[in-house]
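Visitor: What follows is a predicted structure for the sequence shown.
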Amino acid sequence: LPPEERERWITAAADYRRALAAADAAVLTTPALAAAAAEVCRSTHVLPNALDPRMEAAAAAARGIPKASAADGRPRLVFASGTPTHHRDFAVAAEAVARVFTRRPEPVLVILGHLDPTIYPALAPYADRIEVRPPVPLLDLFAELARCDLNLCPLELGSPFNEAKSGVRWLAAAAVGLPSIVSPTEPLLDAVLDGATGLVAADVSAWEAALDTLLDD
């Protein structure tokens, strides 16, 4: 991150830590977050992220939206980024998508939100097959996902930050019936039954194989 933005994140983290230390108890969304919070807060509890009734209603309405691929036969692979912190996360998927694009003329990559696809050299030859869409409010996310065919949830492995993230990006896609490929962080492994409720991929070759599996099905 740029130095100024990095400093804002560090300052915010220190503020969260002070708040936790002042609290009698804390409710967090993943075991990794709870374990870290337990260092400064004497009572921690895990309550996983879920959909509230408004989100459930938006997801139900979105399930009837026609897919873009129904009109042109070109399946959409979507990556939804809610913050500008995913550039390293997407690297493994970017390489796998590029490999698939060299062999398959039909898929299209849809980037939703805060990600600049031009930073990945492997994707440069396929700029005309990348659709960049702006960020949307949370309740509009379900319609954006539903118009696509396959959801990508790559995360950089070995990162305490990513191990603390919940499986909410898988959850939002699942709510509109969209299959996902996910990285094997603890929260995503807890959410996804590999081969049944998603596909788990740890490296570029596994991502490529998973993309082929779902594009063939």
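Guide: Structure received. These figures come from a predicted structure and were not determined experimentally.
Visitor: hey, let's count contacts and neighbours off CA atoms from now on
Guide: OK.
Visitor: what's the distance between the residue positioned nearest the centre of the chain and residue 94?
Guide: Compute the mean C-alpha point of the chain, and by CA atoms, centre = their mean the closest residue is residue 153, 3.8 Å away. To residue 94, residue 153 is 12 Å away according to CA to CA, to the nearest Å.
Visitor: The residue nearest to the centre of the chain bridge partners, please.
Guide: Under DSSP bridges, the beta-bridge partners of residue 153 are residue 182.
Visitor: At which residues are the strands of the protein located?
Guide: Taking DSSP state E to define them, one finds strands in the chain at 26-28, 44-46, 76-81, 108-113, 130-133, 150-153, 180-182, 199-200.
Visitor: and the longest helix for this protein?
Guide: Taking DSSP state H as the criterion, the chain has its longest helix at helix 3-22.
Visitor: give me every residue that touches residue 169.
Guide: 80, 153 (CA atoms under 8 Å, 6 or more residues apart in numbering).
Visitor: swap in residue 20?
Guide: Taking CA under 8 Å, 6+ apart as the test, what residue 20 contacts is 26, 37, 40-41.
Visitor: Local confidence estimate at it?
Guide: Note on residue 20: pLDDT of 95.
Visitor: Take the contacts of residue 20 and write them to JSON lines, including distance to residue 164.
Guide: Listed next are these as JSON lines, based on distance: CA to CA, whole Å:
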{"residue": "26", "distance to residue 164": "15"}
{"residue": "37", "distance to residue 164": "11"}
{"residue": "40", "distance to residue 164": "16"}
{"residue": "41", "distance to residue 164": "17"}
